[in-house]
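Novice: kindly generate the corresponding structure for this input.
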Amino acid sequence: MKDIKEDWNTMAAAYEEFGTAEDSYSYNIEWRCIRKLLPELKGKSVLDIGCGTGIFTFLLEVFEPERLVGIDLSEEMLAIAKKKADSQRSKAEFICGDAADIREKIDVQFDFIFSSTTTHYIKNLKAMFAGIADCLKEDGRCILSVIHPVYSAMYPVEHDGTFPEDDEWQVRYLDRSIRAYIQPWIEYNDACENHLSVSYHHLFGDYVNAAVSAGLKICGVHEPMPPENWKTEFPGRYESFVETPTYLIMELSK
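Specialist: Sure thing, here's the model as predicted:
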């Protein structure tokens, strides 16, 4: 986790630029699906696990929760989130802590727990899901947007800290080896030096079993498509996403 923390401290500003772009996958694909699944949040308590720079935290705030908390391991990401919160007079609270065990920092239960693209940085999924279950109220709901197992299966396998070749981006689904790669959005950002990011690859069954082990109910699983207009406006991106989808979105309840 120390390496992952340092990695995201380094990439914080570049991630904020990437994640808030008008043509980002986060807004155009991931969020379009998530917002249709949200329960009633007005007057409720909300926890955003792996909140990063607060991109989704502030999107959730529009629905007027009574309390809104974001937790992330990266101090640099949280610094950006707090600066944005101050500038827009947000009531969101931000805590520095490990998503792998939110119980170390969170000692209350929430009506709704959310997380976006965090789980592939967690080695022990069962421990994370157990923490979610502990921090979720009895009638609470949870939405986890995870990197699709087909997509993380494409990440190059780590080999002695060396940069992967382009032909190493190929699907190895049943291989649970640690992955090491240049983030695609880093590669095309001139302001950020290319460096290796390290993460895990979990199978779909790993997610199901972690949820069941934690006593959580799986209420729905969604694999969002890219916008229909991308067929003509961004045909390359559209076909690439259809071939290797980026997101798997799980609805859970206690």
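Novice: wait, what's in contact with residue 181?
Specialist: Taking C-beta atoms under 8 Å, 6 or more residues apart in numbering, we find residue 181 in contact with 155, 156, 164, 169, 196, 197. In this view, the C-beta of every residue, glycine as well, is placed from N, C-alpha and C.
Novice: no wait, residue 32
Specialist: Neighbouring residues of residue 32 by C-beta under 8 Å, 6+ apart: 224, 227.
Novice: what does residue 97 give?
Specialist: Contacts of residue 97 (C-beta under 8 Å, 6+ apart): 71, 72, 73, 104, 105, 106.
Novice: distance between stretch 118-129 and the chain's centre?
Specialist: Averaging C-alpha positions (C-alpha atoms, centre = their mean, to the nearest Å) puts stretch 118-129 11 Å from its chain's average.
Novice: and it, what's buried?
Specialist: 118, 119, 120, 121, 122, 125, 127, 128, 129 (16 or more other C-beta atoms under 10 Å).
Novice: with adjacent residues omitted, what lies nearest to the second one?
Specialist: Using C-beta to C-beta, 6 or more residues apart in numbering and skipping the chain neighbours, the partner closest in space to residue 119 is residue 146 (4.6 Å).
Novice: report the mean per-residue pLDDT for the helix or strand hosting the one you found.
Specialist: Taking DSSP states H and E as the definition, residue 146 sits inside strand 136-147. For strand 136-147, mean pLDDT is 97.
Novice: do stretch 242-254 as well
Specialist: Stretch 242-254 shows a mean pLDDT of 97.
Novice: list the buried residues of it.
Specialist: 245, 246, 247, 248, 249, 250, 251, 252, 254.
Novice: so which of the contacts of residue 181 are in strands?
Specialist: Of those, the ones assigned to strands by DSSP state E are residue 197.
Novice: the contacts of residue 181, buried ones only, as a PyMOL selection?
Specialist: Only the buried entries of those go into this PyMOL selection, using 16+ other C-beta under 10 Å:
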select buried, resi 155+156+164+196+197
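Novice: take the contacts of residue 181 and write them to a markdown table, including distance to residue 38 and pLDDT.
Specialist: What follows is the contacts of residue 181, written out as a markdown table (distance: C-beta to C-beta, whole Å; pLDDT from 0 to 100):
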| residue | distance to residue 38 | pLDDT |
| --- | --- | --- |
| 155 | 29 | 96 |
| 156 | 35 | 96 |
| 164 | 37 | 91 |
| 169 | 33 | 93 |
| 196 | 35 | 85 |
| 197 | 29 | 89 |
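Novice: so which of the contacts of residue 181 comes closest to residue 230?
Specialist: residue 169 (21.1 Å; C-beta to C-beta).
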